[in-house]
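# Next input, structure requested:
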Amino acid sequence: MNQQELQGALEAILFAAGDPLPVKRIAAALELPESDIDAAVNSLKEALDQRQSGLVLKRLGDQVQLCTRTEFSEPVRQVLAMKKNTPLSGAAFEVLAVIAYNQPVTKAFVEQVRGVDCSGVIMSLTQKGLIEEKGRLDLPGRPIVYGTTPAFLRCFCIESLEELPPLPEKEVPEAPETDEEPTSDETSDGIN
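Model (predicted):
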């Protein structure tokens, strides 16, 4: 299979799948090394960008997906009569941040960090496909641990969690402001 045929096969596979696919799975299906698939992914991505296609190839960690270019999302939404997703609340962003930076985490951990019950927010984020169950801890009650999904990466336009902005090292307390009047020594004009 030459490079052009490989790009065509990759484009067809990703179009038909609709969802993100692992590079490893594509390589196994085409009976090619992963390095060849990686090269084809990069070539197809460049070709789509170069011809200003309505599609864009997104890399989401070790997965790839063919998506609509963001500039065309509104016309696509109108034609398909799709409703806009409701924006995330401040609480949802907080929970998402705690999970993204500390995953895998339990609901109890998130609640300890935020200081409030997070059951509803976690359920909402799970329904939106931004977080998912990653397993259970081997502790009494076998609590569920949560982590982010490829949809989280896609929504925030990042390829991996390493692209998240760094957290501040330590919060530096602000110096207290003083409303004190200057002493006579500080205001003297040099005449004694």
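# going forward, measure contacts and count neighbours with C-alpha atoms only.
Fine.
# which other helices and strands contact the longest helix along the chain?
Counting residues, the longest helix found in the chain (DSSP state H) is helix 34-50. Secondary-structure packing of helix 34-50 (3 or more CA pairs under 8 Å, 6 or more residues apart in numbering; DSSP states H and E): helix 3-17, helix 23-30, strand 55-60.
# buried stuff in the first one?
Under the neighbour-count criterion of 16 or more other CA atoms under 10 Å, helix 3-17 has 6-7, 9-11, 13-14 buried.
# ok, back up a step: quick one: the longest helix of the chain to chain centroid distance?
22 Å (CA atoms, centre = their mean, to the nearest Å).
# Quick one: mean pLDDT for it?
Computed over helix 34-50, the mean pLDDT rounds to 90.
# Convert the C-alpha atoms of it to CSV, please.
Only the C-alpha atoms of helix 34-50 are listed here, as CSV (Å, rounded to 0.1, in the frame of the first residue of the first chain):
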residue,chain,number,x,y,z
GLU,A,34,2.2,1.8,14.2
SER,A,35,5.0,4.1,12.9
ASP,A,36,3.5,3.9,9.4
ILE,A,37,0.0,4.8,10.7
ASP,A,38,1.5,7.7,12.7
ALA,A,39,3.2,9.0,9.5
ALA,A,40,-0.1,8.7,7.6
VAL,A,41,-2.0,10.5,10.4
ASN,A,42,0.5,13.4,10.2
SER,A,43,0.3,13.5,6.3
LEU,A,44,-3.5,13.4,6.3
LYS,A,45,-3.6,16.1,8.9
GLU,A,46,-1.4,18.3,6.8
ALA,A,47,-3.3,17.6,3.6
LEU,A,48,-6.7,18.5,5.2
ASP,A,49,-5.2,21.7,6.6
GLN,A,50,-3.5,22.6,3.3
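# so who does residue 91 touch?
residue 121 (CA atoms under 8 Å, 6 or more residues apart in numbering).
# element containing the residue nearest in space to the middle of the chain, please.
With distances taken as CA atoms, centre = their mean, residue 153 lies nearest the centre of the chain, 2.9 Å away. Element membership of residue 153, judged by DSSP states H and E, is helix 150-155.
# Pull out the buried positions in that helix.
150-154.
# per-residue confidence averaged over that helix?
85.
# Quick check: which helices or strands does it pack against?
strand 55-60.
# Show residues contacting the following helix or strand past the strand it packs on.
For strand 55-60, the following helix or strand on the C-terminal side (DSSP H and E) is strand 63-68. With CA under 8 Å, 6+ apart as the test, strand 63-68 has contacts from 11, 14-15, 18-23, 41, 54-59, 150.
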